[in-house]
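>>> my questions concern the predicted model and sequence given below.
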Amino acid sequence: MRFTKRYGDVGETKSDGATYTPRALADFVADRILANANLVSGRAIRVLDPAIGHGELLLAILDRIDGPVEVFGFETDHLALAVARRRLSLEHPQAILNLRLGSFLDHVLDDFAGGLFASAEPYDIIIANPPYVRTQIIGADRAQQLAQQFGLTGRVDLYHAFLLGMATVLAPEGAAGFIVSNRFMTTKGGASARAGMMTGLRLREVYDLGDTKLFDAAVLPAVLIARGAGAKSATPSFVTIYQTKDEPAHTAATPIEAVGKHGAVSIDDGRTFLVQHGTLDTGGDPFGVWRLASAGVESWLATVEQNAWGTFRDIGKIRVGIKTCADKVFLPKKWDCELELHRPLTTHHIARRFRSEPHNQLVLYPHQAVDGKKQAVDLSLYPASLAYLEQHRQTLEDRSYVIEAGRQWYEIWVPQNPADWPAPKLVFRDISERPTFWLDLEGTVVNGDCYWLTGDEDLLWLAVGVANSTFIERFYDLRFNNKLYAGRRRFITQYVEQFPLPDPESSGAREIVTACRDLYARMANGPDPALEKRIDRMVWSAFGLPVEEV
């Protein structure tokens, strides 16, 4: 055997604001890599960590290898690299260390043809916690270069390129473990990277570690365990762990230990987690969302699909609200004057399920619809608004991109279509523990901190009932597998547009519409939780399902 069980106890460390991998997670990743590795005896094992940090992952994997090993790695922080080199040399003096100051991706991009470290020989083990850096930090030119090299599309995150770069240098029978943000598995930005991993590697295990808070920072991690492209294909396992209020059936010391159990598990610090085991499902699309599949989940979703007439996408296009790029001018917290171009504004501050709180904010909105198309107003027709905007002209003209786009200096950068504001709208918050959707019947302008949808009014009433239900919470969790801390969910376009709708002509759907209209009217005098609960039951019934506790 080439593996030993020598465990170190090195705590989580930080440098320059970067949070490195906690040892418990490093040990877990190392164990799962070696459980899937098919190492060749008689030669040194080649190990790569493309973002070394303080060396926690390398220490974890080396603690478990008994025999000759050659370590390769990159780190852009010279202080962190010095710490890692010292720790590795002290704890594993027999290991051959090839550690470089610099970026793994720079090396891949600049010297790719020659192979890493001037050698085309691949790596038996890759263990990595790639950096999470978005396009605006990388720079547009570098992001474009990464996108072209690795076939990435959409918003480029640096760790997407890391994942695909590592896939190119893993030995055909090697094994790898990656720690990523769990958003990678569900967002549009991660789609091309997901597809690349599905074709360039043989995924074996996926762990969505959800809100376990293994990192001090606000990181919701996932762990991906893969074999090289030469390994046999198999359906990857998928495990999720999220906090729950369910009565625990098992106990464990830590969230990592809880991952090996099924159902509700209480841990020593008093938290309880729901652990679910199944297989990875992409919907048959390599670019698709990664989610948990099990017999129970698939049966539940199949029932929903059988009773679905369509989705929210069929009502209309979901849009984000306006983006002024000068909020202090267009929508200050307090107005000291009255202007002709004032319009009532909806923001997340007045969010409430079914019907918002009263509007108390205004926006200066210098746009109008002409023949159904948006255009800037003629300011000479609005002297008070003109005088106010002139006071802030320098601030507005500093938005050079507005003028360079052929727009007027006083325009809102993203005004959306003014013709849509008078229509009934379904409006909703992005992040919330419970879905918070409401109808706007007052023709307000929607701010950029909310999303909105307009279309057939009866469909909007039906949608608000479905969207605020515990049914949709269950659907979201089973279909998208993406929660934040404390049970909060992200209600963004790519998820909400897939929310199902029952047949609007069915008796159940018509009852939901009538009840939602009634609830909206009653809420002028305050909440009506009894009617809201009745609507919730109607939604479950409309999809052919019994009411569940969520």
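Looks like it came in fine.
>>> in contact with the closest residue to Val445 other than its chain neighbours, which residues?
Once flanking residues are discounted, Val445 sits nearest to Arg343: 4.9 Å by CB to CB, 6 or more residues apart in numbering. Just so you know, the C-beta spots here come from the backbone N, C-alpha and C atoms, and that holds for glycine as well. Neighbour list for Arg343: Leu362, Val363, Leu364, Tyr365, Trp421, Thr444, Val445 [criterion: CB atoms under 8 Å, 6 or more residues apart in numbering].
>>> any chance you could map the strands in the stretch 351-500 of the chain?
362-364, 367-370, 373-376, 425-429, 431-432, 437-440, 445-446, 450-454, 489-490, 500-501 (DSSP state E, counting those that start in this stretch).
>>> got these as CSV, with mean pLDDT columns?
What follows is the strands of the stretch 351-500 of the chain, written out as CSV (pLDDT from 0 to 100):
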stretch, mean pLDDT
strand 362-364, 97
strand 367-370, 94
strand 373-376, 92
strand 425-429, 97
strand 431-432, 86
strand 437-440, 98
strand 445-446, 97
strand 450-454, 97
strand 489-490, 85
strand 500-501, 98
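>>> low-confidence ranges, the chain, go.
1-20, 105-120, 132-147, 149-159, 216-218, 481-487, 550 (pLDDT under 70).
>>> pop the domain breakdown of it in here.
The chain resolves into domains spanning 17-231, 319-542 when parsed by automatic domain parsing.
>>> right, and the ones you listed - which one's nearest Arg291?
Comparing the domains of the chain against Arg291 with CB to CB, the closest turns out to be domain 319-542 (4.7 Å).
>>> quick one: the closest one to chain centroid distance?
22 Å (CA atoms, centre = their mean, to the nearest Å).
>>> and stretch 251-265, by the same measure?
Worked out by CA atoms, centre = their mean, stretch 251-265 lies 24 Å from the chain centre.
>>> what is the end-to-end distance of that stretch?
With CA to CA, to the nearest Å as the measure, stretch 251-265 spans 5 Å from end to end.
>>> residues of it that come out buried?
Judged by neighbour count (16 or more other CB atoms under 10 Å), stretch 251-265 contains these buried residues: Ala252, Pro255, Ile256, Glu257, Ala258, Val259, Lys261, Gly263, Ala264, Val265.
>>> likewise stretch 446-458?
Val446, Asn447, Gly448, Cys450, Tyr451, Trp452, Leu453, Thr454, Gly455, Asp458.
>>> do stretch 43-51 as well
So for stretch 43-51, counting by 16+ other CB under 10 Å, buried means Ile45, Arg46, Val47, Leu48, Asp49, Pro50, Ala51.
>>> what separates the first one from Leu163, distance-wise?
In this structure, Ile45 lies at 22 Å from Leu163, with CB to CB, to the nearest Å as the measure.
>>> cool, Gln243 as well?
Taking CB to CB, one finds Gln243 at 27 Å from Leu163.
>>> one more: Trp290?
In terms of CB to CB, Trp290 sits 13 Å off from Leu163.
>>> kindly report the same for Ala226.
In terms of CB to CB, Ala226 sits 10 Å off from Leu163.
>>> which neighbours do those two share?
Common neighbours of Ala226 and Leu163 (CB under 8 Å, 6+ apart) are Phe178, Met197.
>>> coming back round to it: want to throw the strands of the stretch 351-500 of the chain into a markdown table with distance to Arg85?
Below are these laid out as a markdown table (distance: least, CB to CB, whole Å):
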| stretch | distance to Arg85 |
| --- | --- |
| strand 362-364 | 56 |
| strand 367-370 | 59 |
| strand 373-376 | 59 |
| strand 425-429 | 47 |
| strand 431-432 | 41 |
| strand 437-440 | 54 |
| strand 445-446 | 54 |
| strand 450-454 | 48 |
| strand 489-490 | 40 |
| strand 500-501 | 54 |
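>>> of the ones you listed, which approaches Gln394 most closely?
Nearest of the strands of the stretch 351-500 of the chain (CB to CB): strand 362-364, 16.5 Å.
>>> other SSEs contacting that closest one?
Secondary-structure packing of strand 362-364 (3 or more CB pairs under 8 Å, 6 or more residues apart in numbering; DSSP states H and E): helix 327-330, strand 342-346, helix 383-391.
>>> of all those, which one is nearest Glu549?
Short answer: strand 342-346, nearest of the helices and strands packed on strand 362-364 by CB to CB, at 32.1 Å.
>>> between that closest one and strand 450-454, how big is the angle?
100 degrees (axes from the mean of the first three to the mean of the last three CA atoms, to 10 degrees).
>>> could I get the buried residue list for strand 342-346?
Those buried within strand 342-346 under the rule 16+ other CB under 10 Å are Arg343, Pro344, Leu345, Thr346.
>>> pick the one among those closest to Phe312.
Nearest member of the buried residues of strand 342-346 to Phe312, counting by CB to CB, is Thr346, at 18.5 Å.
>>> can I assume that closest one is in contact with His359?
Yes - assessed by CB atoms under 8 Å, Thr346 is found in contact with His359 at 6.8 Å.
>>> overlap in contacts, the two.
With CB under 8 Å, 6+ apart as the test, Thr346 and His359 both reach Thr444.
>>> contacting residues around the residue nearest to His348 when sequence neighbours are not counted?
Closest residue in space to His348, ignoring its immediate chain neighbours: Asp449 at 4.6 Å, by CB to CB, 6+ apart. By CB under 8 Å, 6+ apart, the residues touching Asp449 are Gly321, Thr347, His348, Arg429, Asp430.
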